[in-house]
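Enquirer: I need the structure of the sequence given here:
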Amino acid sequence: MKRPIVLLASGAFVLCLVTLFSFFSSPDWHQWTPRPYSLPNHSPHTLREQLNLAFPYLSNQAESSFPSIIWQTWKTSPDAADWPEEFNPLRKSWKDLNPSAEMRLLTDADAATMVENVFKNVPDVVYAYHLLPLPILKADFFRYLILLHEGGTYTDIDTEALKPINTWTKHGARQLNTNVRIVIGVEADPDREDWRQWYARRLQFCQWTIHSKPRHPILVEVVARITELTLAMHREGRLGAAESMDEILNHTGPGIWTDAIFAYFNIAPRQGPINNNTFFNLREPKVVDDVLVLPITSFSPGMGFPGSEGTDHALAYVRHAFGGKSAMYKVQWMMTQGIRFLENENRRVKENM
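Expert: Take a look at the predicted model:
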């Protein structure tokens, strides 16, 4: 009798996950129809040259202050009938702790219009944006695009501010360079062999919250990489693969973001490479060139990750509630785990027959 019970329970588990997945992947939740867009007219310049021409990074930018703008995106505006009420206290936390900051919430349609207007001189970027098959991918891409153009603070709609933004760079860390131009945080630093089952990179940087001055080279690099990858997958007829969880994390999420950061770190000659070991078990803020790297507690407090302290810690700046697109990631992961469990259980039953 054990075998039918196990299979019945396994089937019920997967059915539950399928129900959840069908909700999060329904057209009403994450799909919208992009406007038609023509093929770009290619410039003789390379993509990175086009981006650098359109968004030059000036030497005197180091002395300028971070723009006091907080960027967020969601599929609809707060006055829409389907606006999630649970977002309101989270958004209020950002306004309360940063009263002088301009709060900018853009809908999916707003974001598409802004990309078309701002990046019209880099048409490959606009074309790649419209090619992305899921709003999740577009939302990821947009955060890099808007920070490249405007700078400020991007933070996911399901995050809570724990400290004022202007305190993030005021700490007792040993400064390697006082001209900080971008602030990033460690998202995960798993010291375990099965890290690939959980994360895109062995050590990866968070992209649900980024604080930057405009036109930073890291943003140029990540925009170029996403654009090139999207166009290449489109040419090869593989763009539909970008809808899987692993591809989302690597195509526009923390995987490609982490790669772009390490590429920037290693442009200049050094005594040794900047790699995972540079930030392993990081417990205090660390400055490398013009990048301030915050420890895992800063943007991932109370998450149960190795090294993650509680939300009351002095270095805890942002709490991520993991709604929005991250819920999609979690449900997809649960689906994968449930299917793997059922496959393994069926295999075990067959072996014992």
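
Enquirer: kindly state the beta-bridge partners for the spatially closest residue to Val180 that is not a sequence neighbour.
Expert: Among residues not flanking Val180 along the chain, Leu292 sits closest, at 4.6 Å (C-beta to C-beta, 6 or more residues apart in numbering). Backbone N, C-alpha and C define where each C-beta goes, glycine included. Using DSSP bridges, the bridge partners assigned to Leu292 are Val183, Val287.

Enquirer: please renumber so the chain begins at 37
Expert: OK, 37 is where the count begins now, so the last one is Leu328.

Enquirer: need the per-residue pLDDT for the most centrally placed residue in the chain.
Expert: Per C-alpha atoms, centre = their mean, the C-alpha nearest to the average position across the chain is that of Gln243, at 3.5 Å. Model confidence at Gln243, given as pLDDT, is 95.

Enquirer: so the spatially closest residue to it that is not a sequence neighbour is in which element?
Expert: Leaving aside its sequence neighbours, Gln243 sits nearest to Trp293 (C-beta to C-beta, 6+ apart; 4.6 Å). Trp293 belongs to helix 290-301 when elements are defined using DSSP states H and E.

Enquirer: show me the contact partners of that helix.
Expert: 180, 220, 223-224, 235-237, 239-243, 253-254, 257-258, 261-262, 265, 285-286, 310-311, 314, 324-325, 327 (C-beta atoms under 8 Å, 6 or more residues apart in numbering).

Enquirer: same question for stretch 113-131.
Expert: 106, 108, 110, 112, 137, 139, 141, 143, 191, 193-198, 357, 359.

Enquirer: distance of the residue nearest to Val216 from Phe241?
Expert: 12 Å (C-beta to C-beta, to the nearest Å).

Enquirer: and for these two, which residues touch both?
Expert: Joint contacts of Leu328 and Phe241 (C-beta under 8 Å, 6+ apart) are Ile220.

Enquirer: wouldn't the residue nearest to Val216 be in contact with Val222 here?
Expert: No. Between Leu328 and Val222 there is no contact under C-beta atoms under 8 Å: 11.7 Å.

Enquirer: now Val329: how far from Trp119?
Expert: From Val329 to Trp119 the distance is 35 Å (C-beta to C-beta).

Enquirer: and for Thr314?
Expert: With C-beta to C-beta as the criterion, Thr314 and Trp119 are 42 Å apart.

Enquirer: residues contacting the helix or strand that contains Ile106, please?
Expert: Element membership of Ile106, judged by DSSP H and E, is strand 105-110. By C-beta under 8 Å, 6+ apart, the surrounding residues in contact with strand 105-110 are 119, 123, 127, 130, 134, 137-144, 147, 175, 178-179, 182-183, 186-193, 201, 360.

Enquirer: low-confidence ranges, the stretch 87-236 of the chain, go.
Expert: By pLDDT under 70, the weakly predicted segments of the stretch 87-236 of the chain are 95-99, 208-214, 228, 231-234.

Enquirer: which stretches of it form helices?
Expert: For the stretch 87-236 of the chain, the helices defined by DSSP state H, counting those that start in this stretch cover 123-133, 144-154, 159-167, 171-185.

Enquirer: tell me what the longest one is packed against?
Expert: It refers to helix 171-185. strand 105-110, helix 144-154, helix 159-167, strand 188-191, strand 245-248, helix 253-271, helix 281-287, helix 360-388 (3 or more C-beta pairs under 8 Å, 6 or more residues apart in numbering; DSSP states H and E).

Enquirer: burial check on the residue nearest to Gln243, number of neighbours?
Expert: 29 (other C-beta atoms under 10 Å).

Enquirer: quick one, grab the pLDDT at it.
Expert: 96.

Enquirer: Ala352: which of the helices of the stretch 87-236 of the chain is closest?
Expert: helix 123-133 (12.7 Å; C-beta to C-beta).

Enquirer: buried residues, the closest one. List them.
Expert: For helix 123-133, the neighbour count (16 or more other C-beta atoms under 10 Å) marks Phe123, Leu126, Arg127, Ser129, Trp130, Leu133 as buried.

Enquirer: so can I have TSV of the residues you listed showing distance to Leu170?
Expert: Shown next, in TSV, are the buried residues of helix 123-133 (distance: C-beta to C-beta, whole Å):
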residue	distance to Leu170
Phe123	20
Leu126	23
Arg127	24
Ser129	28
Trp130	26
Leu133	32
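
Enquirer: next one: Pro125 from Lys131, what distance?
Expert: For Pro125, the distance to Lys131 - C-beta to C-beta - is 11 Å.

Enquirer: contacting residues around the closest residue in space to Lys111 that isn't next to it in sequence?
Expert: Spatial nearest neighbour of Lys111, excluding adjacent residues (C-beta to C-beta, 6+ apart): Asp144 at 5.0 Å. For Asp144, the contacting residues are Trp68, Thr109, Trp110, Lys111, Pro171, Lys174, Ala175, by C-beta under 8 Å, 6+ apart.

Enquirer: skipping adjacent residues, who's closest to Asn88 in space?
Expert: Val256 is the one closest to Asn88 (C-beta to C-beta, 6+ apart), at 6.3 Å.

Enquirer: isn't that neighbour up against Gln86?
Expert: No. The pair Val256 and Gln86 fails to qualify as a contact (C-beta under 8 Å) at a distance of 10.0 Å.

Enquirer: can you list the domain ranges for the protein.
Expert: For the chain, automatic domain parsing gives the domain ranges 37-66+362-389, 75-357.
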